[in-house]
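Chemist: pasting the sequence and the predicted coordinates here, then a few questions.
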Amino acid sequence: MAFADPVTLTGERVTLVPLSHEHHDDLALATDEGKLWEAAWYTTVPSPEGMSAEIDRRLGLQQLGTMLPWATINNETGRAIGMTTLMNIREDHRHVEIGSTWMAKSAQRTGINPEAKLLQFTHSFDTLNAVAVEIRTHWHNHQSREAIARLGAKQDGVLRNHDIWKEGIPRDVVVFSVIESEWPVVRMSLNARLRRYASPSA
């Protein structure tokens, strides 16, 4: 299958389903919880008013073959509680990036994010035969940097003044990755980590 082909990925806590405008209302409620788009200056989360445009943006990139966007569904409630993607797809090099990820405040630190990442890594390495999966974040997003390291990704480096951020301020980007040979150990680590969370049906 092509890297940007829509696919549903299902876990115990979370299901990643191909993004569509049917998810708009749930996603608007999810981002409004905790005012995520205002909560941290070093990250970008769509506002409720900007959700439709953000869905269009992601679907447009999918049409170009550079992004595979999902809505993140909480299996317990059946509601969309966030978004995530495979992005910056370079299919000829078998290289992808997991990114443009956000989720409702109540879904954080529940096991949903590591399980979603496990689903994405599994799809990337086992189905798409990727040789490397990258994750990037803002230098000042220490919470994200720590979370990425806990996934088992290794820091490749820092891209100084890599892009122009909000209010025209340059952004330093921290680059992490998992390469093909590291995937078996990362998978074991993520599975062990998920077992420490209470069962979603408990």
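Modeler: Cool, the structure landed. Residues are numbered from 1 along each chain as shown.

Chemist: can you count the residues close to residue 52?
Modeler: When neighbours are defined as other CB atoms under 10 Å, residue 52 has 14 of them. Every residue, glycine included, has its C-beta placed from N, CA and C.

Chemist: tell me the secondary structure for it?
Modeler: For residue 52, the assignment made with DSSP: H, G, I helix; E, B strand; the rest coil gives helix.

Chemist: in stretch 52-68, what counts as buried?
Modeler: Using 16 or more other CB atoms under 10 Å as the test for burial, stretch 52-68 gives 54-55, 58, 61-62, 66-68.

Chemist: show me the residues you listed that map onto strands.
Modeler: Judged by DSSP state E, the subset of the buried residues of stretch 52-68 located in strands is 67-68.

Chemist: and residue 7, which helix or strand is it part of?
Modeler: Counting by DSSP states H and E, there is no helix or strand that carries residue 7.

Chemist: how much space between it and residue 173?
Modeler: According to CB to CB, to the nearest Å, residue 7 and residue 173 sit 28 Å apart.

Chemist: can you check residue 88 too?
Modeler: Counting by CB to CB, the separation of residue 88 from residue 173 is 12 Å.

Chemist: so residue 18 touches residue 69, yeah?
Modeler: Yes: contact criterion CB atoms under 8 Å: residue 18 and residue 69 qualify, at 7.5 Å.

Chemist: which one of those two has more residues nearby?
Modeler: Using other CB under 10 Å as the criterion, residue 18 and residue 69 rank with residue 69 on top: 24 against 16.

Chemist: do I have it right that residue 157 meets residue 175?
Modeler: Yes: the criterion here is CB under 8 Å, and residue 157 meets it with residue 175 at 5.7 Å.

Chemist: what about these two, which has more around it?
Modeler: residue 175 (18 against 9).

Chemist: show me which helix or strand of this structure is least confident by mean pLDDT.
Modeler: Every helix and strand in the chain was compared by mean pLDDT, DSSP states H and E; the lowest is helix 36-39, with a mean of 86.

Chemist: now that helix: buried residues?
Modeler: Using 16+ other CB under 10 Å as the test for burial, helix 36-39 gives 36-37.

Chemist: just stretch 90-104 next, same as before
Modeler: Neighbour counts using 16+ other CB under 10 Å place 94-98, 100-104 of stretch 90-104 among the buried residues.

Chemist: same question, stretch 77-86
Modeler: For stretch 77-86, by 16+ other CB under 10 Å, it's 79-86.

Chemist: from these, which two are the most distant?
Modeler: 79 and 86 (22.5 Å; CB to CB).

Chemist: before we move on, back to that, sitting in strands, which of the buried residues of stretch 90-104 do you find?
Modeler: Judged by DSSP E, strands contain the following of the buried residues of stretch 90-104: 95-98, 100-103.

Chemist: tell me the one of those nearest residue 124?
Modeler: residue 96 (5.5 Å).

Chemist: got the contact list for that closest one?
Modeler: By CB atoms under 8 Å, 6 or more residues apart in numbering, the contact list for residue 96 reads 3, 86-90, 124, 128, 130, 132-134.

Chemist: need the strands for this structure, in chain order.
Modeler: Counting by DSSP E, the strands of the chain are 9-10, 14-18, 67-74, 79-90, 95-103, 132-138, 154-164, 170-179.
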